[in-house]
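Q: Coordinates only, no sequence provided:
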DNA sequence: GGTTTACACGTAATCGCTTACATTTTACAG
DNA sequence: CTGTAAAATGTAAGCGATTACGTGTAAACC
């Protein structure tokens, strides 16, 4: 590991001062074209690349941001959060941010928060614990939340249009004659319970359709639990003719349950999911689902974080990303 | 953004030198218990946290590593690579590394490689382009590859036991009387083509079973393509009684194709996948698959990177992670 | 008690870059 | 050709930690 060349080496070889070398790299138009070329040439020869650490030190700005996934109902293994991550990665690279990724839990148990000091902004994915948020804010790092929204918190949130999604689903279902609709909700994600489920209740009420207690079941974050919950729903006397799954995995569970009961899909039962994960086209019948532009959500997060970091004043507190209903064979 | 407290502030408040403050944090046993307490107390009062940037600057060590996903057949959206990512995240946190995540493409198009300078080690996921590898090595950053293995390259690789996986599948299938076995391979992932597919050919030959050209089809990275490929296989005169999909998505496509032809599973056709993704239990029939401990693979990557960074000499060039066949209803 | 040794702590140089301010060079008008 | 403003470049002081080296103090030995 031969010591890497520094700005001094370039300075010496190119015959200009270190200040000029520095400018040649970070403010190209403040230096004469000819000298800039000399500098770049010398850098080329020496295999010099500016040392970002030293740069951060001098500038008092690290351009480092982090994506913390809060395990409560969220994980990078979930296509949805992975999609957001993908969007964040792209946007971060484009804006020349360095992106750290971690789960909130690991993050805290590991280097406590000492790390935070060098992170200028954090994107919180999923159900972030309030104390994490206030801790971050007290260390004045910029915070943006994605797929979550907490009352009384002053920070930008990026969410998908849950209400609109449910409307679209119910429009679709009612236009096919469904009036008795149920839902299986994953209790593992508080935000989704609060958003998708209550949207469902509201929309149904507005349409003058009733939802009985027995039309809704809760389940855990695995397919077997979802299947069991769906069985509960379907084995009752007067079962719904359509059921929403709070995500595609749950919807898949509903389909499995329907199969066990020898129900025909979509004739005897319509099933709709959320997220439009890849599984939708893998199962039989293909699953009608709500497509969410997670990539865009991720990109928006970075945009907002950037705005926050640049001290812009009018960063929207709530950004709602529109969704789309993808109708397939299951409904 | 009030300026953050520095080691000087703590030094002043606690009445000791900056050197002692520094030691109190990074070499606790080199300082008397009583003074250490004083220091920590002062730090507490001031909300002081050591500035990792400055620390990195002084120590000439950043403890920063990166996970670069090489899009060629790999993406964070794939549960497999997400699982590896998860493992890397955990291990990185545990070892107090900062983890940057990006796709190789974004990485290069964005800040070129300037960034590299501050990254001490890189984990390459998927099919890394050779020039990227040599570029990294020439800047002497430690490199580890996961789920890939290139001839003539001197770096640690972590892969799953493809050969063993195939053996297990074929043991299972032949014990159920299958002698005519086909495969659908994704042409999008060169390594998998090279590993899973050739293992398949070898194992079949060893068992004295023949594989005709028409028993193998290639497909692209989407389910429709996989389904089409499977149809090709299944619509011929003398079709295989069992088919391997090079991953679970492809296997799902095979199942769809079988359904279209009204084949019964597993009676008329056995299907087996690789990766044991969550989709395996979502589809009907549930898919027999090879479980890969991706989390462990990720952790191993970090271990090896760490060893490399600590200049350990005997870092294994190849680590093969054992797999397990999960038998379900599709076979 | 005096000398040695180990330990705790302090002083100050250093890491590689940025940037305010000073100085020199260039461009251009008169 | 000269004077002046603008542009280009140079000088050097930080940024906030670490750490080699030096000093002072207390324990340990004879």
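A: That came through fine. The model shown is predicted, which means the values in this text are computed figures rather than measured ones.
Q: could you pull out the strands for the stretch 1-150 of chain A?
A: A:64-70, A:98-103, A:121-126, A:142-146 (DSSP state E, counting those that start in this stretch).
Q: Spell out which residues of the stretch 151-300 of chain A are next to chain B.
A: A:223-224, A:249, A:252-253, A:255-256, A:259, A:278-279, A:281-284 (Cβ under 8 Å from any Cβ of the partner chain). (Each C-beta comes from the backbone N, C-alpha and C, glycine too.)
Q: farthest-separated two in these?
A: Spatial extent of these (Cβ to Cβ) is set by the pair A:224 and A:281 at 22.4 Å.
Q: The residue nearest to residue A:39 when sequence neighbours are not counted and chain B: what is the separation?
A: In space, and not counting its chain neighbours, residue A:39 is closest to residue A:24: 4.0 Å by Cβ to Cβ, 6 or more residues apart in numbering or on different chains. Distance check for residue A:24 against chain B: by Cβ to the nearest Cβ, to the nearest Å, it reads 14 Å.
Q: which ones are touching the residue nearest to residue A:294 when sequence neighbours are not counted?
A: Nearest non-adjacent residue to residue A:294, counting by Cβ to Cβ, 6+ apart: residue A:83, 3.2 Å away. Listed by Cβ atoms under 8 Å, 6 or more residues apart in numbering or on different chains, the contact set of residue A:83 reads A:292, A:294, A:295, A:297, A:298, B:77.
Q: Around the first one, count how many other residues there are.
A: Using other Cβ atoms under 10 Å in any protein chain shown, residue A:292 has 25 neighbouring residues.
Q: Among the residues of the stretch 151-300 of chain A next to chain B, name the buried ones.
A: Buried members of those, scored by 16 or more other Cβ atoms under 10 Å in any protein chain shown, are A:223, A:249, A:252, A:253, A:255, A:256, A:278, A:279, A:281, A:282, A:283, A:284.
Q: Now do the buried residues in the worst-scoring helix or strand of chain A on mean pLDDT.
A: Of all the helices and strands that make up chain A, helix A:104-109 has the lowest average by mean pLDDT, DSSP states H and E, namely a mean of 85. Neighbour-count burial for helix A:104-109, counted by 16+ other Cβ under 10 Å, picks out A:104, A:105, A:106, A:107, A:108.
Q: which one of the residues you listed is nearest residue A:316?
A: Of these, the one sitting nearest to residue A:316 (Cβ to Cβ) turns out to be residue A:104, at 24.0 Å.
Q: Residue A:9 and DNA strand C, how far apart?
A: For residue A:9, the distance to DNA strand C equals 8 Å [Cβ to the nearest atom of the strand, to the nearest Å].
Q: Counting neighbours, what do you get for the nearest residue to that residue once chain neighbours are set aside?
A: In space, and not counting its chain neighbours, residue A:9 is closest to residue A:46: 5.5 Å by Cβ to Cβ, 6+ apart. By the criterion of other Cβ under 10 Å, residue A:46 has 16 neighbours.
Q: wait, residue A:46 sits on residue A:7?
A: No: counting by Cβ atoms under 8 Å, residue A:46 stays clear of residue A:7, with 10.3 Å between them.
Q: for DNA strand D, what are the nearby residues on chain A?
A: Proximity of chain A to DNA strand D (Cβ under 7 Å from any atom of the strand) is limited to residues A:15-20, A:23, A:30-32, A:34-36, A:57-58, A:60.
Q: What residues does residue A:283 make contact with?
A: A:252, A:255, B:252, B:279, B:282, B:283, B:284.
Q: Using a markdown table, lay out the residues you listed together with secondary structure, distance to residue A:100 and pLDDT.
A: Putting the contacts of residue A:283 into a markdown table (DSSP: H, G, I helix; E, B strand; the rest coil; distance: Cβ to Cβ, whole Å; pLDDT from 0 to 100) gives the following:
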| residue | secondary structure | distance to residue A:100 | pLDDT |
| --- | --- | --- | --- |
| A:252 | helix | 33 | 98 |
| A:255 | helix | 38 | 97 |
| B:252 | helix | 34 | 98 |
| B:279 | helix | 30 | 97 |
| B:282 | coil | 32 | 97 |
| B:283 | coil | 36 | 96 |
| B:284 | coil | 40 | 92 |
